[in-house]
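A.B. asks: Show me how the following folds:
(chains A and B)
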Amino acid sequence: DAGITQSPRYKITETGRQVTLMCHQTWSHSYMFWYRQDLGHGLRLIYYSAAADITDKGEVPDGYVVSRSKTENFPLTLESATRSQTSVYFCASSGTGLGEKLFFGSGTQLSVL
Amino acid sequence: GENVEQHPSTLSVQEGDSAVIKCTYSDSASNYFPWYKQELGKRPQLIIDIRSNVGEKKDQRIAVTLNKTAKHFSLHITETQPEDSAVYFCAAIPTNTGNQFYFGTGTSLTVIP
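C.D. replies: I've put the predicted structure just below:
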């Protein structure tokens, strides 16, 4: 589990500000994912990446931007934060093969005031 | 895309009783079905998984069953203990979606001592 880390653990920001959540993994996993977790909605996929420089939208991508210049890093940026983006954000990674286990980071609790 | 439904959303059982959580999926291309446990304030962690060529899998007090024809799978926890209290998520992974995990909305299990 220590192979995937997120920062910060907690973040409070104001509407309209840009926020970047960091995710770093040491397993050289090909796939990386960003989920948001909200009560009643479970885990919803925001963006994912199959490899460096390859990203794709998930279920709820609006208002978010991702990049993946290196295999180990997958930052998530909220370009202009809104209150509806208050949530717990989880980064996750997995290997390439079908059925590869998904490992989660410890999460970032984001509050947009 | 894949749609995973999970029931019940909340479940309370007496310590020592069994608990069953059920999930259905829509995409017949799904062939990997993991279950995750999330304790309060923690990250989701894999507890058991099953692949489509297997009907049942057991690991001590937990078991998962899969009915491909009906497109449903279930988590069974026997002899429940207070430390089983958590939120449980099922997921389905289709073969043709780049290792995307589609999660159910979660079941909050409370084991009453």
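
A.B. asks: burial count for residue B:98?
C.D. replies: Per other CB atoms under 10 Å in any protein chain shown, the neighbour tally for residue B:98 reads 16. For every residue, glycine as well, the C-beta is placed using N, CA and C.

A.B. asks: what are the phi and psi angles of it?
C.D. replies: Phi and psi for residue B:98, reported as degrees, to the nearest 10, are phi 60, psi 40.

A.B. asks: So it is in contact with residue A:54, correct?
C.D. replies: No: the pair residue B:98 / residue A:54 is not scored as a contact, 9.4 Å apart, by CB atoms under 8 Å.

A.B. asks: which residues are contacting the helix or strand bottoming out on mean pLDDT in chain B?
C.D. replies: Scoring the helices and strands of chain B by mean pLDDT, DSSP states H and E places strand B:102-103 at the bottom, with a mean of 92. Defining contact as CB atoms under 8 Å, 6 or more residues apart in numbering or on different chains, one finds that strand B:102-103 is touched by A:35, A:42-44, B:1-4, B:25, B:30, B:36, B:89-94.

A.B. asks: PyMOL command for the buried members of those residues?
C.D. replies: In PyMOL, a selection of the buried entries from those looks like this (16 or more other CB atoms under 10 Å in any protein chain shown):
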select buried, (chain A and resi 35+42+43+44) or (chain B and resi 2+4+25+30+36+89+90+91+92+93+94)
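
A.B. asks: can you pull the contacts of residue B:13?
C.D. replies: For residue B:13, the contact set (CB under 8 Å, 6+ apart) comprises B:19, B:80, B:109-112.
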